[in-house]
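Student: for reference, the sequence and a predicted model appear below.
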Amino acid sequence: MSASTTSPQLDSTSIPHQSPRLSDDKPLRPDRPKPSRLKLTYDIAMIIAISIDLLLISIDAILMSNFSYSAAAWLTVGDTLSWYRDTLHDPLRTAGGFFTLFLIFELLVRWIIAIKRKVYYRWFFFPFVHWYEVLGCFPQLRALRLFRAVVIGRRLYQLGYQVLPQPWINRIKFYINLLLEELSDRVILTTIQNFRQQLTDPNTHKSFIESTIARNRDEIEAALLSILRQELAPKLQELTASSSGGDVLATEMGNAIKEGLANTPELRRYLRMIPIAGTLIESQLQHVGHNIGENVVYALNKRLLDPERLDALMVAIASGVAKIDTDNIALNALISSIIDDSLTEFEAQVKVQHWKHQDMLNL
């Protein structure tokens, strides 16, 4: 295939008559080029024509229903309804058929123009992009024509033209948000309720806990190790300091050894057998025992609470806890409580109707 017939690239394809993507609340910036007056006039005319067509279709459907016949008989206006059915119904259907033919012809013309101007990357993209217009050409799906009116109105609004009064737009947005929020809340609450019912099954509950812990053992070990290093290790390392807890533990150990020597009757009896020096030796021996107790504590702290050994101990503890048996009853109860509390809090947040707190309620 020659270069002249190669399909255009996406980044080089010019897309006229397409408004840029903007938020629903911001009109087109004044520095953006606007479509021609003819295009704007045509869009406005199509909105009016589609609105009138849908209005007539709705009125005709209501008047031709059995409910209208019963209501007309009750209101004693049956002759007027019969006149409408005999005189106006068929012409309106014929006019609607001609309007449908016009929409089909107009859609084909726009498709040809889009192909000529290379609006889309492939020529057959047009009916997929404008699917609501294609389906709206079928008499049974004429309600989809409303989508085109909405799209045209949105494009005009983005261009800076006030299609509807701003209070109407705000109210429409409010009710759309209300509908979407209520629908999504119902779906989420139903899902939570189904999840709660599944957790009440012992087999499902056990399988859920086992699979959750099995998939996250590495993360559990890493989290425990981080907590131990951050919280427990500094507290233990304080014992090696020359003040605070280290002195208290060493002093208590020395006092314990001193009391042990003092409360040993055999030692006291043998020492008192030594004249004059026995009592002095006993006092010095208790003092030496006290110092030995303190030195033993300091030596143990220095060796056992060495940063490298302490970190290895933390790693061993975290690894051991991460390999915990999932059949542990206390563990199952804890996880069940956490899941239930989490679902309860999440359910409470979902039940909050945020639309009641919006300023649009003052409209």
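Tutor: It's in.

Student: now stretch 204-224: how far from the chain's centre is it?
Tutor: Centroid separation between stretch 204-224 and its chain, computed with Cα atoms, centre = their mean, to the nearest Å, is 23 Å.

Student: endpoints of it, how far apart?
Tutor: 27 Å (Cα to Cα, to the nearest Å).

Student: what are the buried residues along that stretch?
Tutor: Neighbour-count burial for stretch 204-224, counted by 16 or more other Cβ atoms under 10 Å, picks out 205, 208-209, 213, 220-221, 224. (Glycine included, C-beta is placed from N, CA and C.)

Student: cool, stretch 319-330 as well?
Tutor: A322.

Student: CA atoms of that stretch as CSV?
Tutor: Once non-C-alpha atoms are left out, stretch 319-330 reads as follows in CSV (Å, rounded to 0.1, in the frame of the first residue of the first chain):
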residue,chain,number,x,y,z
SER,A,319,8.9,-15.2,61.9
GLY,A,320,7.5,-17.5,64.6
VAL,A,321,4.3,-15.4,65.1
ALA,A,322,3.8,-15.2,61.3
LYS,A,323,3.7,-19.0,61.2
ILE,A,324,1.0,-19.2,63.7
ASP,A,325,-1.5,-22.0,63.5
THR,A,326,-4.8,-20.8,61.9
ASP,A,327,-6.8,-23.3,64.0
ASN,A,328,-6.2,-21.2,67.1
ILE,A,329,-9.6,-20.4,68.6
ALA,A,330,-8.5,-17.1,70.1
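
Student: run the chain-centre distance for that stretch.
Tutor: 31 Å.

Student: contact partners of that stretch?
Tutor: For stretch 319-330, contacts defined as Cβ atoms under 8 Å, 6 or more residues apart in numbering pick out 206, 209-210, 213-214, 217-218, 220-221, 224, 331-332.

Student: ok so, going back, can you flag which of the buried residues of stretch 204-224 belong to helices?
Tutor: Cross-referencing those against helices under DSSP state H gives 205, 208-209, 213, 220-221, 224.

Student: need the three-state assignment for L38.
Tutor: Three-state call for L38 (DSSP: H, G, I helix; E, B strand; the rest coil): helix.

Student: dump the buried residues of stretch 204-224 to a markdown table, plus distance to R309 and pLDDT.
Tutor: What follows is the buried residues of stretch 204-224, written out as a markdown table (distance: Cβ to Cβ, whole Å; pLDDT from 0 to 100):
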| residue | distance to R309 | pLDDT |
| --- | --- | --- |
| H205 | 40 | 70 |
| F208 | 38 | 75 |
| I209 | 34 | 75 |
| I213 | 29 | 78 |
| I220 | 23 | 82 |
| E221 | 19 | 82 |
| L224 | 18 | 83 |
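
Student: for the top helix by length along the chain, give the mean pLDDT please.
Tutor: Identified as the longest helix of the chain according to DSSP H is helix 166-199. Average pLDDT, helix 166-199: 80.

Student: same question, stretch 109-124
Tutor: Rounded mean pLDDT across stretch 109-124 is 88.

Student: run the chain-centre distance for it.
Tutor: Worked out by Cα atoms, centre = their mean, stretch 109-124 lies 39 Å from the chain centre.

Student: can I get the CA coordinates of that stretch in PDB?
Tutor: Only the C-alpha atoms of stretch 109-124 are listed here, as PDB (Å, rounded to 0.1, in the frame of the first residue of the first chain):
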ATOM      1  CA  VAL A 109     -25.100  12.500   5.600                       C
ATOM      2  CA  ARG A 110     -23.200  13.100   8.800                       C
ATOM      3  CA  TRP A 111     -21.500   9.700   8.500                       C
ATOM      4  CA  ILE A 112     -20.400  10.600   4.900                       C
ATOM      5  CA  ILE A 113     -19.100  14.000   6.100                       C
ATOM      6  CA  ALA A 114     -17.200  12.300   9.000                       C
ATOM      7  CA  ILE A 115     -15.600   9.800   6.500                       C
ATOM      8  CA  LYS A 116     -14.700  12.700   4.100                       C
ATOM      9  CA  ARG A 117     -13.100  14.800   6.900                       C
ATOM     10  CA  LYS A 118     -11.600  11.700   8.600                       C
ATOM     11  CA  VAL A 119     -13.100  12.600  11.900                       C
ATOM     12  CA  TYR A 120     -12.500   9.100  13.300                       C
ATOM     13  CA  TYR A 121      -9.600   6.700  13.000                       C
ATOM     14  CA  ARG A 122     -11.700   4.200  10.900                       C
ATOM     15  CA  TRP A 123     -14.700   4.900   8.700                       C
ATOM     16  CA  PHE A 124     -16.900   2.400  10.500                       C
END
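
Student: tell me which residues of that stretch come out buried.
Tutor: Buried, per 16+ other Cβ under 10 Å, within stretch 109-124: 111, 114, 118-120.

Student: residues contacting L224?
Tutor: Going by Cβ under 8 Å, 6+ apart, L224 touches 317-318, 321-322.

Student: residues in contact with the spatially closest residue to E347 that is not a sequence neighbour?
Tutor: Nearest in space to E347, with sequence neighbours left out and distances taken as Cβ to Cβ, 6 or more residues apart in numbering, is I192 at 5.4 Å. I192 makes contact with 343, 346-347, 350 under the criterion Cβ under 8 Å, 6+ apart.
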